[in-house]
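How does the following fold in three dimensions:
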Amino acid sequence: MTRAQTFFTLLIGCVLGSLAILPYTQKLMVDSPEITASSIGLRLVIAALFYGVIILFGMYFSEQLSLKIGWNKTSYLSEIIVGLIAGILVAVSILALDILLFKVVVTPTTKEPGLLYGILASLYGAFNEEVLLRLFLLSAFAWLLRLFISSRTLVMISAIVFSTFFFGMAHLPATANLMPLTATLIIRGLLLNGIAGLTFGYLYWRYNLSTAIWAHLIADILLHGLGPVLLSS
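Residues are numbered from 1 along each chain as shown. Purely as a prediction, here's the structure:
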C-alpha cells in the first residue's frame, strides 16, 4: 500500500467513524442536540480537516520510529487473524473483570443504546481512536522520548503506557453519561480500558496499526453486543 493510499484509507475510516458514532451518542446522551443535515455536513468537514492533519503527523512520527501503519498484501491475512484473536481476548477479559469486580457497584442510570448502535460506534473506536491515540499520540510521545532515551523498548513501553492512560481518561465522559462518576468507576474505567489500550498499543508496536484497528473493532463489537446482555443478567 502506498503512502497516499494509507493516508486516504485512514482518513475515510475516520470520517465514516465520525458519522457512525452520531446515532450512538444521540441514544446515550439525554440532552443531545438534534441532528440536522447541516450539522452532519459541518461535522464531516471538521473531521476530515482534523484527522487529515493528525494522520499526516502520525505517519511522519511512525516513519521516524519504523512503525508499520499500512495494509501489506503479503501479511494482511495474518494481521487480521492476530487482530481478531486479540480483540476477542480483550473483550472476554474486560467482561470477566467487569462482572467479577464491578458488577455490584455499577448501576447505569441510562440504558445502553443497543447492538446496532454499538456496532456503528465500533467503527469510531477502530479508526478514530486508533488514529488519534496510537498513530498520533503514542507515536508522538515515543518520538519525543527517543531524544532522551536510547532504549527503543523502554521508549515504546513508556509511550504505550502514556497513551493507554489517556485512552482510559478519554472514556470517562461516556461513563458519566450512563451513571454518576465515583472513585470506583474511575478506577474501573482506567483498569478495563487499560487492558484494551495496552493490547492495542502492543499490536501497533509489534505488528501494524491495521492489526490494532482490527482488534479494536472486534473488541468493541463484542463489548457493545455481549456486554450489556451479560451485565444485566
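
longest helix of the chain?
Secondary structure assigned by DSSP state H gives helix 37-64 as the longest helix of the chain.

Can you mark which positions in it are buried?
Judged by neighbour count (16 or more other CB atoms under 10 Å), helix 37-64 contains these buried residues: 43, 47, 51-52, 54-55, 58-59, 61-62. In short, each C-beta sits where N, CA and C put it, glycine included.

same question, stretch 82-99
Within stretch 82-99, the residues scored as buried using 16+ other CB under 10 Å are 82-84, 86-87, 90-91, 94-95, 98.

Residue 8: which of those residues is nearest?
Of all those, residue 83 has the smallest distance to residue 8: 20.9 Å, by CB to CB.

List the residues that contact the closest one.
Contacts for residue 83 (CB atoms under 8 Å, 6 or more residues apart in numbering) come out as 203, 207, 210-215, 217-218.

Report the buried members of these.
203, 207, 210-215, 217-218.

what residues are up against the residue of the chain positioned farthest from its centre?
Relative to the centre of the chain, the most outlying C-alpha is that of residue 150, 28.7 Å out, by CA atoms, centre = their mean. Under the criterion of CB under 8 Å, 6+ apart, the contact list for residue 150 is empty.

Helix, strand, or coil at it?
When classified by DSSP: H, G, I helix; E, B strand; the rest coil, residue 150 comes out as coil.

Check the gap between it and residue 75 for me.
To residue 75, residue 150 is 29 Å away according to CB to CB, to the nearest Å.

Show me what secondary structure element comes after the longest helix of the chain.
Using DSSP states H and E, the helix or strand that follows helix 37-64 in sequence is helix 76-97.

Could you give the average pLDDT over that following helix?
When pLDDT is averaged over helix 76-97, the result is 93.

What's the first helix or strand after it?
Next along from helix 76-97, by DSSP H and E: helix 115-123.

Can you give me the buried ones in that next one?
Buried residues in helix 115-123, defined by neighbour count with 16+ other CB under 10 Å: 117-123.

Same check on stretch 10-29?
Buried residues in stretch 10-29, defined by neighbour count with 16+ other CB under 10 Å: 10-11, 13-25, 27-28.

And stretch 147-155, by the same measure?
Neighbour counts over stretch 147-155 (16+ other CB under 10 Å) mark residue 155 as buried.

which helices and strands sit right next to the helix or strand bottoming out on mean pLDDT in the chain?
Here the helix or strand of the chain ranked lowest by mean pLDDT, DSSP states H and E is helix 172-178, holding a mean of 76. Under the contact criterion of 3 or more CB pairs under 8 Å, 6 or more residues apart in numbering; DSSP states H and E, helix 172-178 touches helix 3-28, helix 183-206.

which of those has the lowest average pLDDT?
Sorting the helices and strands packed on helix 172-178 by mean pLDDT places helix 3-28 lowest, at a mean of 90.

how many degrees apart are that helix and helix 115-123 in direction?
Going by axes from the mean of the first three to the mean of the last three CA atoms, to 10 degrees, helix 3-28 is angled at 140 degrees with respect to helix 115-123.

For helix 3-28, which helices and strands make contact with it?
Helix 3-28 sits against helix 37-64, helix 115-123, helix 172-178, with contacts defined as 3+ CB pairs under 8 Å, 6+ apart.

next one: the first one to chain centre, how far?
Read it as helix 37-64. Centroid separation between helix 37-64 and its chain, computed with CA atoms, centre = their mean, to the nearest Å, is 15 Å.

what about the residue farthest from the centre of the chain, distance to residue 140?
In this view, residue 150 and residue 140 are 19 Å apart by CB to CB.

What of residue 198?
Counting by CB to CB, the gap between residue 198 and residue 140 amounts to 18 Å.
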